[in-house]
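>>> Fold the following, please.
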Amino acid sequence: MPSEKLIRILKAKSPFSVEEIESLTEIDGWNWVYSNAKPAKDKLTQVCFTGFSTAEKTKLSTMAVESNLAVVSSVTKNLAFLCAGENAGPAKLEKAKGQGALVLNRMQFIQLLETGEIPSI
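Residues are numbered from 1 along each chain as shown. Here you go, the predicted model:
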């Protein structure tokens, strides 16, 4: 019979009945959990724009989405790039740097999209 922790996970995430869960071995239960886990968010796909006019931010966001990047509105733990304009706030810049995101200006971001290479900073 599976452990209490595994039973709780399987009850919440699996299509199995209580009887089916209780008949699983610990190994079989964890194998199901790991093979059906949602993949972690890909850190290399999130970008945030700050310090730009609304029109410029819209243009850059469209370019990012067309390049299969996810545009987020704030600095998150999964942020890969912070594209900063002239009016970027220092708190947002520091938070992004502290979390390991690469801070780029507009031209560096466009270069990234065009070449696929991360610009040297």
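
>>> In contact with S74, which residues are there?
For S74, the contact set (Cβ atoms under 8 Å, 6 or more residues apart in numbering) comprises C48. No exception for glycine: its C-beta is placed from N, CA and C like everyone else's.

>>> The same query, at a cut-off of 10 Å, please.
48, 50, 92, 95-96 (Cβ atoms under 10 Å, 6 or more residues apart in numbering).

>>> Please list the members of those residues that lie in strands.
Of the positions in the contacts of S74, 48, 50 sit in strands, assigned by DSSP state E.

>>> Could you export the contacts of S74 as a markdown table, including neighbour count and distance to A80?
As requested, the contacts of S74 are exported to a markdown table (neighbours: other Cβ atoms under 10 Å; distance: Cβ to Cβ, whole Å):
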| residue | neighbour count | distance to A80 |
| --- | --- | --- |
| C48 | 22 | 9 |
| T50 | 19 | 14 |
| K92 | 17 | 15 |
| K95 | 16 | 14 |
| A96 | 24 | 10 |
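
>>> Which of the contacts of S74 sits closest to I118?
Nearest to I118, judged by Cβ to Cβ, of the contacts of S74 is A96 at 14.9 Å.

>>> what does stretch 21-41 rub up against?
Contacts of stretch 21-41 (Cβ under 10 Å, 6+ apart): 1-3, 5-11, 13-17, 70, 76-78.

>>> ugh, wrong one, stretch 95-102
Contacts of stretch 95-102 (Cβ under 10 Å, 6+ apart): 43, 46-48, 50, 74-84, 88-89, 93, 103, 108-109, 112, 118-119, 121.

>>> And those, which of them are buried?
When neighbours are counted using 16 or more other Cβ atoms under 10 Å, these contain these buried positions: 46-48, 50, 75, 79-84, 88, 93, 103, 108-109, 112.

>>> Okay, now the unreliable bits of this structure?
39-44, 121 (pLDDT under 70).

>>> thinking again about what came up before, so of the contacts of stretch 21-41, which ones are in strands?
Using DSSP E, the contacts of stretch 21-41 in strands are A70.
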